[in-house]
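# For reference, the sequence and a predicted model appear below.
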Amino acid sequence: MSEEEVVVLGNTLRKLGLFPKRIGKTEDDVAEWMEDVLKSKGKWPVKSDDETESSTKSRPPVNPMPKLSMFYGEPGKGEVSYDLWRYEVDCLISEGVYDNHVILLAIRRSLKGEAGKVIMRLGPHVDVKTVLAKLHSVYGTCEEAESLIGLFYSAKQYPSETVTDWACRLEDIFARVTREGSPDPKESDETLRNVFWRGLLPHLRDLSAHKYDKSTSFDTLRVQLRRIEHDVNQRNLSASTATSKPNPFNMIHTKSSNSEFQELKGIVHSISSQVSGLKDQVSQLAYKVDRPKVPRWQSQGNDSRGSLSKMAPEVSTALLSLITGPTCRA
């Protein structure tokens, strides 16, 4: 009923005196008034719980379009790997909420790049099973079961790998081994627990021997190993911090030692200078003591010779004969 029809109906009922003036003219006001009138006269239909439940069940559920993570089939592209993408699809199928054509549409929307080209070559008229088989032949596991089993039992924790990363990597290898079959959950958990503990780093394995004996499941042992690893990391961090942290006493002692060293260095330098001066003085005294003594008259004569050499030859010869005495001629 349109709003105009509601207004016409309200005016008609008012003219007949059947519609109270306090009631508005909107559709909700008229519907509320009619419901109150019918309930007061016992003519309002009341549904039982069974009828209400059956009507709810008969109503088709409204589900949003499922969305899968993007998969490109190329290294470095896409949101997830093929294994994780395939897991999302398997979960969507097992829930049974959506029809196959809806799941196929979600798969087509999630495949891009080379992976999208793979299903494009199948054509438009294919089903979910055919698409998944084709993708598995291109991107699925290609190792043989024997090689995967050997890889699982020989796996070891890397030195740079945490306990959590090691456990996840081991579970991933085990999932690849058991993907085709349906192993017993109890046997799988015990196998994982044994291989997980044997593949630990030696120092973690030595510290967790008692935990391995007491743990009854793989997840319980993983939690215990994570706690042990955390304690070991905390102790190593405390030890490295204590080693690298400077000690104030050592800093003061170092500063005082440096100042004392500089002072001693200055004293040594001063003593060296004084000793060098003393050596020079001793050398001069030794030279004066060890020099041969020359007679005063000879030294004066030498001086006279030096001064006479500057005179004329005749004068210098006469003066020299007077100083040294007459010379004998042969």
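Structure's in. What do you need?
# Could you use CA atoms for every contact and neighbour count after this?
Fine.
# any idea which helix or strand carries R176?
helix 163-177 (DSSP states H and E).
# Which neighbouring elements make contact with that helix?
The contact analysis (3 or more CA pairs under 8 Å, 6 or more residues apart in numbering; DSSP states H and E) places helix 163-177 against helix 145-153, helix 185-198, helix 218-244.
# Would you format those helices as a markdown table with mean pLDDT, mean neighbour count and distance to Y139 included?
Listed next are the helices and strands packed on helix 163-177 as a markdown table, based on pLDDT from 0 to 100; neighbours: other CA atoms under 10 Å; distance: least, CA to CA, whole Å:
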| stretch | mean pLDDT | mean neighbour count | distance to Y139 |
| --- | --- | --- | --- |
| helix 145-153 | 86 | 15 | 17 |
| helix 185-198 | 87 | 16 | 26 |
| helix 218-244 | 87 | 14 | 30 |
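# Mind putting the ones you listed into CSV with distance to S273?
Formatted as CSV, the helices and strands packed on helix 163-177 follow (distance: least, CA to CA, whole Å):
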stretch, distance to S273
helix 145-153, 79
helix 185-198, 74
helix 218-244, 43
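# And the helix holding R176, what's buried?
By neighbour count on 16 or more other CA atoms under 10 Å, the buried set for helix 163-177 is V163, W166, A167, R169, L170, I173, F174, R176, V177.
# From what I see, the first one and R227 are in contact.
So that's V163. No: between V163 and R227 there is no contact under CA atoms under 8 Å: 9.7 Å.
# For E79, find the nearest of the helices and strands packed on helix 163-177.
Of all those, helix 145-153 sits nearest to E79, with 26.2 Å by CA to CA.
# Give me the pLDDT value at L320.
At L320, the predicted lDDT confidence score is 49.
# one step back: relative to L92, which of the buried residues of helix 163-177 is nearest.
The closest of the buried residues of helix 163-177, once distances to L92 are taken by CA to CA, is R176, at 20.4 Å.
# so what's that closest one up against?
Neighbour list for R176: T141, L148 [criterion: CA atoms under 8 Å, 6 or more residues apart in numbering].
# related to what we said a few turns ago, JSON lines for the buried residues of helix 163-177, including distance to L135?
Listed next are these as JSON lines, based on distance: CA to CA, whole Å:
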{"residue": "V163", "distance to L135": "33"}
{"residue": "W166", "distance to L135": "29"}
{"residue": "A167", "distance to L135": "28"}
{"residue": "R169", "distance to L135": "24"}
{"residue": "L170", "distance to L135": "25"}
{"residue": "I173", "distance to L135": "20"}
{"residue": "F174", "distance to L135": "22"}
{"residue": "R176", "distance to L135": "16"}
{"residue": "V177", "distance to L135": "19"}
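# Would you check which pair of those lies furthest apart?
Those two in the buried residues of helix 163-177 that are separated most widely, counting by CA to CA, are V163 and V177, at 21.2 Å.
# mind giving me the domain split of the protein?
Domain segmentation of the chain under automatic domain parsing yields 3-45, 82-139, 148-237.
# Which one, of those domains, ends up nearest to D280?
domain 148-237 (63.3 Å).
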